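Undergrad: Provide a 3D model corresponding to the input given below.
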Amino acid sequence: MLAENHKIPEAYALADWRRRINDLYVVIRATPGPKAAHALWQQTRSAMFRDHPCSPLPASRRRGFERIAVHPYDPNWRFVVDIVPQEGAPIQFDLGADGGMTAKPVGRTDGLAQATGHELTLYWVTGYGGGLFVPFKDTHAESYGGGRYLVDAIKGADLGLNREQRMIVDFNFAYNPSCALNPAFVCPLSPAENALDTPIAAGERHIG
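TA: Numbering: from 1, shown residues only. Prediction:
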């Protein structure tokens, strides 16, 4: 944890935040039990949201903050799916004053439709470095209306593949974008293509 009285440039603090998220997912992928990994995920992110200088929580909410609100871990929302290659026109995500983010479809899941109503499109963020990006939204009353993220590889949030090179999709690790916590942030929201008509009672909740 960075000491509160130790001031470092914002860019370095943001780099530290991303490094910690990346390190967290390295440990999660190596943890044998998904439920134990989920508990670590909630605990670590809660501490970062409370203590880290780049927390998306407004300062007024950090004092007394205990933990991120999540649904209890439910193994029924964990899937191992195939990925079918897919091409399509790039889409543009509006990022306000930061401009836009372009992402192109690169694949589609095969194995979610029975539980969620339809499959999800996987996007690749174009530009320097790039990264896999899988946003979605659902109809649960406690889900953020703008959607949540399953994968945001640019920030290291990615559960990866299993030994058979199939993708792990675990909705218990779905998390809210920063703008769900703080209106000062502008985030890429889920496109209509990844809007599920099913309530997903798993992952991070949005309350208030």
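
Undergrad: give the contact list for the residue lying closest to residue 38 once chain neighbours are set aside.
TA: Distances taken as CB to CB, 6 or more residues apart in numbering place residue 73 nearest to residue 38, at 4.6 Å, with adjacent residues excluded. All C-beta atoms are positioned from the backbone trio N, CA, C, and that covers glycine. Contact analysis of residue 73 by CB atoms under 8 Å, 6 or more residues apart in numbering lists 34, 35, 38, 39, 172, 202.

Undergrad: now the two most distant members of those residues.
TA: Using CB to CB, the two most remote members of the contacts of residue 73 are 39 and 202, lying 14.2 Å apart.

Undergrad: so for the protein, the centremost residue is which one?
TA: For the chain, residue 149 is the residue whose C-alpha lies nearest the centre (CA atoms, centre = their mean; 3.3 Å).

Undergrad: just the CA trace of the longest strand along the chain, in CSV.
TA: Secondary structure of the chain per DSSP state E: the longest strand is strand 100-110. Output of strand 100-110 as CSV, limited to C-alpha atoms (Å, rounded to 0.1, in the frame of the first residue of the first chain):
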residue,chain,number,x,y,z
GLY,A,100,-12.4,7.7,-28.3
MET,A,101,-11.3,4.1,-28.2
THR,A,102,-11.6,1.9,-31.2
ALA,A,103,-12.1,-1.8,-30.9
LYS,A,104,-12.7,-4.5,-33.5
PRO,A,105,-14.5,-7.8,-33.1
VAL,A,106,-12.1,-10.7,-33.1
GLY,A,107,-14.2,-13.6,-31.8
ARG,A,108,-17.4,-14.9,-30.3
THR,A,109,-18.0,-17.3,-27.4
ASP,A,110,-19.5,-20.7,-28.0
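
Undergrad: show me where the chain has its strands.
TA: Going by DSSP E, the chain shows strands at 78-85, 91-94, 100-110, 121-125, 131-136, 148-152, 167-170.

Undergrad: if we can go back for a sec, ok, now which ones touch the closest residue to the residue nearest to the centre of the chain other than its chain neighbours?
TA: Take residue 149 and drop its neighbours on the chain: the residue closest to it by CB to CB, 6+ apart is residue 135, 5.4 Å away. Going by CB under 8 Å, 6+ apart, residue 135 touches 123, 147, 148, 149, 150, 188, 189, 190, 191, 194.
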